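>>> no sequence on this one, just coordinates:
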Ligand code: F6P
């Protein structure tokens, strides 16, 4: 019988629970023993590991967050931390580990794979900035949450002929801002990949005002050169040049806390099952992802040393559509 463990690490993402459930149930159905690690790499280093049964993952597919808990664990970046973690796994005769998470988590996974431990990664982050998967667990739900907020803010913006700056998450990546901006019909989208000065945004807003628009929505990524806080400061000082009165709203962690939608539940379920299949056939040190609508694997060494590009043609399209 094989003994495997699963953990979730980094920022939680809606759908992580569906992935845990798939790992546990497809592992158990092979006659294996499956362990859950609490609080990511922190729990791995401290031996916070428990055996999981079928009922432990009952009723969680629809829940946001992660029943295993997550953490950011700086100590795991050290050789000492990783050695401690491997000791805990080997003491329990665990022969394989599934790591559900984004960039930092998969960097950790690659590090322990390089220390000769069988690991498989599962692509999960709302930021969609992970190389090796066109879409990651949590993105779709986070986008829909951002979109609901944009739609609501647009209503009040129209009533008052106001402009609204809406800041979305994404760390250094503009994916969430770009996609929610297009889907939400934003007048302006500000992303880290294209440094934009406040003067240029002010001009766009003024032009929209002159065209008779009832509102203006500016979606700004948290990682942009000028985030919502910096932009609102500038715009308050230059109110007269805009036409619109302006307000700002920072969505922050609200985007991470949602109940996963159908897309994320299905994606996560397929990823979790595929990770167990990888461990079964001895395909280790890879990330399970989705590319061209197929489940794929990419070596973790490639994942952690490559950058995922954003399709900037879509920014141009967004400008045309904002007329
Ligand atoms: O990586 C997911 C993410 O939500 C980013 O979008 C954001 O920058 C970061 O995590 C926030 O981290 P924390 O939850 O540690 O504040």
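In hand now; what should we look at? These numbers were taken from a predicted model, which means no experiment stands behind them.
>>> hang on, residue 173 packs against residue 125?
No. Using Cβ atoms under 8 Å, residue 173 makes no contact with residue 125, being 9.3 Å away. Just so you know, the C-beta spots here come from the backbone N, C-alpha and C atoms, and that holds for glycine as well.
>>> Between these two, tell me which one has more neighbours.
Legend: neighbour count by other Cβ atoms under 10 Å for residue 173 and residue 125, higher for residue 125 (28 against 24).
>>> State which one residue of the stretch 201-323 of the chain is found closest to the ligand.
Residue nearest to the ligand within the stretch 201-323 of the chain: residue 256 (5.4 Å; Cβ to the nearest ligand atom).
>>> still on that earlier bit, overlap of the contact sets of residue 173 and residue 125?
Common contacts of residue 173 and residue 125, defined by Cβ atoms under 8 Å, 6 or more residues apart in numbering, are absent altogether.
>>> show me the contacts for the residue in the stretch 151-300 of the chain that the ligand sits nearest to.
The nearest approach of the stretch 151-300 of the chain to the ligand comes at residue 169, 3.3 Å away (Cβ to the nearest ligand atom). Residues near residue 169 by Cβ under 8 Å, 6+ apart: 126, 127, 142, 176, 222, 251, 252, 253, 255, 256.
>>> dump the residue contacts of the last one.
By Cβ under 8 Å, 6+ apart, the contact list for residue 256 reads 11, 12, 13, 14, 64, 126, 138, 142, 169.
>>> Take these and keep only those in helices.
Members of the contacts of residue 256 lying in helices (criterion: DSSP state H): residue 142.
>>> out of the contacts of residue 256, what pair is the most spread apart?
The most widely separated members of those are 64 and 169, with 14.6 Å between them, by Cβ to Cβ.
>>> Would you mind naming what in the stretch 151-300 of the chain lies close to the ligand?
169, 170, 171, 222, 256 (Cβ under 6 Å from any ligand atom).
>>> Out of those residues, the closest to residue 309 would be?
Among these, residue 170 lies closest to residue 309 (Cβ to Cβ), at 14.3 Å.
>>> Which parts of the stretch 51-200 of the chain are strands?
Using DSSP state E, counting those that start in this stretch, the strands of the stretch 51-200 of the chain run over 96-101, 119-123, 162-168, 188-190.
>>> so which of those strands gets nearest residue 274?
In terms of Cβ to Cβ, the element of those nearest to residue 274 is strand 119-123, at 8.2 Å.
>>> how about that closest one: buried residues?
119, 120, 121, 122, 123 (16 or more other Cβ atoms under 10 Å).
>>> Specify which member of those residues is nearest to residue 265.
The closest of the buried residues of strand 119-123 to residue 265 turns out to be residue 122 (Cβ to Cβ; 13.9 Å).
>>> Okay, now the unreliable bits of the stretch 51-200 of the chain?
When residues are selected by pLDDT under 70, none of them lie in the stretch 51-200 of the chain.
>>> Let me see the ranges of the helices in it.
Secondary structure of the stretch 51-200 of the chain (DSSP state H, counting those that start in this stretch): helices at 79-91, 103-114, 139-160, 175-183, 198-210.
>>> so which of those helices is the most packed in?
Across the helices of the stretch 51-200 of the chain, averaging neighbours per residue (mean count of other Cβ atoms under 10 Å) puts helix 175-183 on top, at a mean of 25.
>>> contacts for it?
Identification of contacts with helix 175-183 by Cβ under 8 Å, 6+ apart yields 126-129, 139, 142-143, 146-147, 150, 168-170, 186, 188-191, 217, 219-221, 224, 255, 310, 314-315, 317-318, 321.
>>> PyMOL command for the buried members of these?
To isolate the buried ones among those in PyMOL, judged by 16+ other Cβ under 10 Å, type:
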select buried, resi 126+127+128+129+139+142+143+146+147+150+168+169+170+186+188+189+190+191+217+219+220+221+224+255+310+314+315+318
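>>> What residue in the stretch 1-150 of the chain comes nearest to the ligand?
Residue of the stretch 1-150 of the chain nearest the ligand, by Cβ to the nearest ligand atom: residue 11 (3.2 Å).
>>> That residue reaches residue 130, doesn't it?
No. Residue 11 is beyond contact range of residue 130, at 11.8 Å (criterion: Cβ under 8 Å).
>>> Quick check: neighbours shared by the two?
Common contacts of residue 11 and residue 130 (Cβ under 8 Å, 6+ apart): residue 102.
>>> and these two? which has more neighbours close in?
A direct count of neighbours by other Cβ under 10 Å for residue 11 and residue 130 places residue 130 higher, at 28 against 21.
>>> Would you check that the more buried one makes contact with residue 123?
Yes. Between residue 130 and residue 123 there is a contact under Cβ under 8 Å: 5.2 Å.
>>> Next, show the common contact partners of these two.
Common contact partners of residue 130 and residue 123 (Cβ under 8 Å, 6+ apart): 102, 106, 136, 287, 289.
>>> Could you pull up the contacting residues of the third one?
Pointing back at residue 136 there. Counted by Cβ under 8 Å, 6+ apart, residue 136 has contacts 13, 102, 123, 124, 125, 126, 127, 128, 130, 289.
>>> Residue 231: which of those is nearest?
residue 127 (20.7 Å).
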